[in-house]
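Chemist: After the sequence you'll find the predicted model.
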Amino acid sequence: MNLEDAAAEAPQVFTLRQNTPNPFNPATAISYTLRKSSPVSLKVYDLLGREVVSLSEGEKPAGEHRVVWNGSDSKGKQVSSGVYLYRLIAGGREETRKMLLAR
């Protein structure tokens, strides 16, 4: 594979997909695509804007990525039913989506 072929195969967009399943119990998967390698921050927040857990931090390569959240906070305690927000910050862009935990 030459450099031109590799560039053609690289994702051309930054995408944060809706988690699946949604609503979920006990776990859900969050997928995203990076156009190029970049520092990533993927965190879950409650509706008051408080950070619940950090799911991914650090440099990630271009391509498809998938993270599973098991409904627990940063201390390992299961959170209550409700609506949560997940935010991806990568490559100078950010996107936020909602998800519903139904216990």
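Modeler: Yes, it's here.

Chemist: When you work out contacts or count neighbours from here on, use the C-alpha atoms and nothing else.
Modeler: Will do.

Chemist: What segments of this structure are helices?
Modeler: 3-9 (DSSP state H).

Chemist: And the strands in it?
Modeler: With DSSP state E, the ranges of strands along the chain come out as 15-16, 28-34, 38-45, 51-60, 63-69, 82-90, 93-101.

Chemist: Can you lay out these as TSV showing mean neighbour count, distance to Lys75 and mean pLDDT?
Modeler: TSV is the format used below for those (neighbours: other CA atoms under 10 Å; distance: least, CA to CA, whole Å; pLDDT from 0 to 100):
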stretch	mean neighbour count	distance to Lys75	mean pLDDT
strand 15-16	18	25	96
strand 28-34	18	18	97
strand 38-45	19	13	97
strand 51-60	16	8	97
strand 63-69	14	13	97
strand 82-90	18	17	98
strand 93-101	16	18	97
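
Chemist: Of the ones you listed, give the one that comes closest to Gly76.
Modeler: The closest approach between Gly76 and any of the strands of the chain, judged by CA to CA, belongs to strand 51-60 at 9.2 Å.

Chemist: Now do the closest one: which elements does it pack against?
Modeler: Judged by 3 or more CA pairs under 8 Å, 6 or more residues apart in numbering; DSSP states H and E, the packing partners of strand 51-60 are strand 38-45, strand 63-69.

Chemist: Please state the offset of the last one from the chain centre?
Modeler: Just to be clear, that refers to strand 63-69. 6 Å (CA atoms, centre = their mean, to the nearest Å).

Chemist: can I get the CA coordinates of it in PDB?
Modeler: C-alpha atoms of strand 63-69 as PDB (Å, rounded to 0.1, in the frame of the first residue of the first chain):
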ATOM      1  CA  GLY A  63     -10.100   5.500  12.200                       C
ATOM      2  CA  GLU A  64     -13.000   3.900  14.000                       C
ATOM      3  CA  HIS A  65     -13.100   3.600  17.800                       C
ATOM      4  CA  ARG A  66     -15.500   2.000  20.200                       C
ATOM      5  CA  VAL A  67     -15.800   2.400  24.000                       C
ATOM      6  CA  VAL A  68     -18.200   0.500  26.300                       C
ATOM      7  CA  TRP A  69     -19.600   2.200  29.300                       C
END
